[in-house]
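A.B. asks: What shape does this take:
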Amino acid sequence: MTKRPGIFPTFFISGFECSTFLWKDKKRRNLIAETQHDRFAAKDYALLRDLGIAVSREGISWPMVDKNGSYDFSSIDPMIEAMQQQKILPVWDLCHYGYPDDLDPFSDAFIQRFADYCKAVAEYVTPKLPGPYFFTPINEITFFSFCGGEWGWVAPYRNTREDRYKLRLALCKAAIAGVKAIRQVVPDARMINIDPLVQVVAPHNRPDQKQAAWHETYVDTFLAWDILYGKEHPELGGSPDILDIVGANNYSFGQMEYREQGPHEALPPDDDRIKPLCDLLHLVWERYKRPMIIGETSGMKEGWEDWLRDVMDESLAAVEAGIDLHGICLFPAVDMPDWHTNEWLHNGLFDLEAEGELLQRKECVPYVAELRRWQKELNRVTALDQDPFSGQGQMVEPFQ
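C.D. replies: All right, here's what the predicted structure looks like:
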């Protein structure tokens with residue numbers, strides 16, 4: 001396998017769960033604190049370096065740093081210091097389902113406040129770290145609009161399909177404004193706009209739902225990306241440069257059977273209606289022809305190595321087919337709790353084990369072993385050089 005220049009210094013990427021939403025009980029969750037990434041930033045980034053991963057998605061909590069238009073970014077200083085020490089390139093995630101308590105996401109004030117915050121972030125982080133600079137303005141706009149607009153899981157707690165559409169449009173407006181604000185500070189900043197890869201099928205006994213399932217798969221899944229690209233609602237200012245890099249999240253529960261009410265039902269792993277990952281990546285590539293990454297992927301509880309093997313096989317098939325795939329984000333780096341049950345999902349490169357008040361990081365041996373195997377297969381380093389930014393990034397080429 002040969003190599004060619006890529007966008008990132010390493011093909012494998014990781015990241016840390018950073019949701020800060022208001023949950024169903026109206027209480028603010030902070031997954032950065034719940035996983036103790038705020039306490040363990042130095043160790044967490046050293047772990048990534050030892051794994052040969054030089055790129056990490058890192059969250060900034062908008063509701064916690066925005067003090068009604070003034071900002072306190074001290075909470076991310078430990079992350080920045082760890083990145084400086086370990087020479088890790090961040091992808092700054094600026095809104096991971098959470099926004100300030102005093103804002104209505106359907107208002108013009110929300111858009112302006114988000115743009116101001118994005119500009120402030122760029123002004124704060126760019127003098128402290130070397131470029132290039134990467135940002136995800138609003139994470140998973142489509143999924144966020146379901147959670148807050150139709151299912152009522154998180155603020156703004158709406159419960160209709162119409163509200164889901166309205167929330168998605170509002171989030172797209174804010175994201176576009178945020179991109180433009182960041183580029184006032186860093187004109188060549190890159191954006192990674194992340195949403196799930198989705199396939200929805202009708203139940204076997206409900207052929208009348210085939211059209212609704214088709215619409216979810218081939219229209220609804222893409223609408224946020226379409227708006228950011230400028231294909232839909234061009235009056236909002238979307239463009240290919242706004243969409244920029246497409247981050248497509250790949251989880252097993254992204255392939256579902258249609259349900260009229262509430263979340264759709266995940267297909268069992270042996271269901272013959274499941275589509276290969278390469279086919280789903282093709283749908284995105286043919287629509288936008290923009291650089292891509294797999295923005296998040298992981299197995300759950302068991303079978304990490306089988307999951308990664310399948311993702312890699314499918315990703316290499318995608319590259320061989322001409323898809324401009326620049327990286328795979330193994331997310332999260334350390335475990336995270338299920339939002340609903342608070343049970344650990346065991347989906348990270350490292351599990352979390354309580355020792356007193358601290359959550360110690362314990363390597364998930366089979367998962368890391370499979371990562372190492374692929375790094376060697378692709379002639380990748382298994383630990384970072386002194387300066388991973390000294391040369392161009394590399395991505396895989398099709399087999400010759």
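A.B. asks: Give me the neighbour count for I192.
C.D. replies: 27 (other CB atoms under 10 Å). (Each C-beta comes from the backbone N, C-alpha and C, glycine too.)
A.B. asks: How about the one 3 residues further on?
C.D. replies: Neighbour count of D195, defined by other CB under 10 Å: 24.
A.B. asks: What of P263?
C.D. replies: 13.
A.B. asks: didn't A120 look like it was pressed against Y71?
C.D. replies: Yes - between A120 and Y71 a contact is recorded at 4.9 Å, counting by CB atoms under 8 Å.
A.B. asks: Check what pLDDT the nearest residue to G98 once chain neighbours are set aside gets.
C.D. replies: Spatial nearest neighbour of G98, excluding adjacent residues (CB to CB, 6 or more residues apart in numbering): T20 at 3.5 Å. On pLDDT, T20 comes in at 97.
A.B. asks: before we move on, what SS does D310 have?
C.D. replies: At D310 the chain is in helix, as set by DSSP: H, G, I helix; E, B strand; the rest coil.
A.B. asks: Centre of this structure to the edge, which residue is at the far end?
C.D. replies: N205 (34.5 Å; CA atoms, centre = their mean).
A.B. asks: and D279, backbone torsions?
C.D. replies: phi -60, psi -40 (degrees, to the nearest 10).
A.B. asks: Pull the number of nearby residues for it.
C.D. replies: Using other CB under 10 Å, the number of residues around D279 comes to 14.
A.B. asks: Any figure for the gap between it and P207?
C.D. replies: Counting by CB to CB, to the nearest Å, the gap between D279 and P207 amounts to 22 Å.
A.B. asks: Now Q375: phi and psi?
C.D. replies: phi -60, psi -40.
A.B. asks: Model confidence for it, exactly?
C.D. replies: So Q375 comes in at 94 (pLDDT).
A.B. asks: looking at it, it is touching G52, isn't it?
C.D. replies: Yes - with contact defined as CB under 8 Å, Q375 counts as touching G52 (5.8 Å).
A.B. asks: so which helix or strand takes in the spatially most central residue of the chain?
C.D. replies: By CA atoms, centre = their mean, the chain has its centre lying nearest to G295, at 4.6 Å. Using DSSP states H and E, G295 falls within strand 292-297.
A.B. asks: buried stuff in that strand?
C.D. replies: For strand 292-297, a neighbour-count test (16 or more other CB atoms under 10 Å) marks 292-297 as buried.
A.B. asks: Take those and lay them out in CSV including pLDDT and distance to K24.
C.D. replies: CSV is the format used below for those (pLDDT from 0 to 100; distance: CB to CB, whole Å):
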residue, pLDDT, distance to K24
M292, 98, 33
I293, 98, 31
I294, 98, 30
G295, 98, 26
E296, 98, 23
T297, 97, 27
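A.B. asks: Helices of the protein, start to end?
C.D. replies: Using DSSP state H, the helices of the chain run over 31-34, 41-50, 62-65, 77-86, 108-125, 141-149, 161-185, 210-218, 223-229, 240-243, 277-288, 304-320, 365-377.
A.B. asks: that older thread, count residues in the vicinity of the residue nearest to G98, would you?
C.D. replies: Neighbour tally, T20, other CB under 10 Å: 22.
A.B. asks: ditto for D313
C.D. replies: 13.
A.B. asks: Now stretch 312-328: average pLDDT?
C.D. replies: Mean predicted confidence for stretch 312-328 is 97.
A.B. asks: Determine how far that stretch lies from the middle of the whole chain.
C.D. replies: On the basis of CA atoms, centre = their mean, to the nearest Å, stretch 312-328 sits 18 Å off its chain's mean C-alpha point.
A.B. asks: again, but for stretch 93-109
C.D. replies: Stretch 93-109 sits 18 Å away from the centroid of its parent chain (CA atoms, centre = their mean).
A.B. asks: now do stretch 55-74
C.D. replies: Worked out by CA atoms, centre = their mean, stretch 55-74 lies 17 Å from the chain centre.
A.B. asks: Pull out the buried positions in it.
C.D. replies: Across stretch 55-74, burial judged by 16+ other CB under 10 Å covers 55-66, 71, 73.
A.B. asks: now swap in stretch 98-109 and tell me
C.D. replies: In stretch 98-109, counting by 16+ other CB under 10 Å, buried: 98-100, 103, 105-106.
A.B. asks: any chance of those residues in a markdown table, plus distance to L89?
C.D. replies: Output for the buried residues of stretch 98-109, formatted as a markdown table (distance: CB to CB, whole Å):
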| residue | distance to L89 |
| --- | --- |
| G98 | 24 |
| Y99 | 26 |
| P100 | 28 |
| L103 | 30 |
| P105 | 30 |
| F106 | 35 |
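A.B. asks: Can you pick out the most distant pair from those residues?
C.D. replies: Distance extremes for the buried residues of stretch 98-109: the farthest pair is G98 and F106 at 16.2 Å, using CB to CB.
A.B. asks: Which pLDDT does the model give the nearest residue to E343 once chain neighbours are set aside?
C.D. replies: Spatially, and ignoring its direct neighbours in sequence, E343 is nearest to P337 (6.5 Å; CB to CB, 6+ apart). P337 is assigned 97 on the pLDDT scale.
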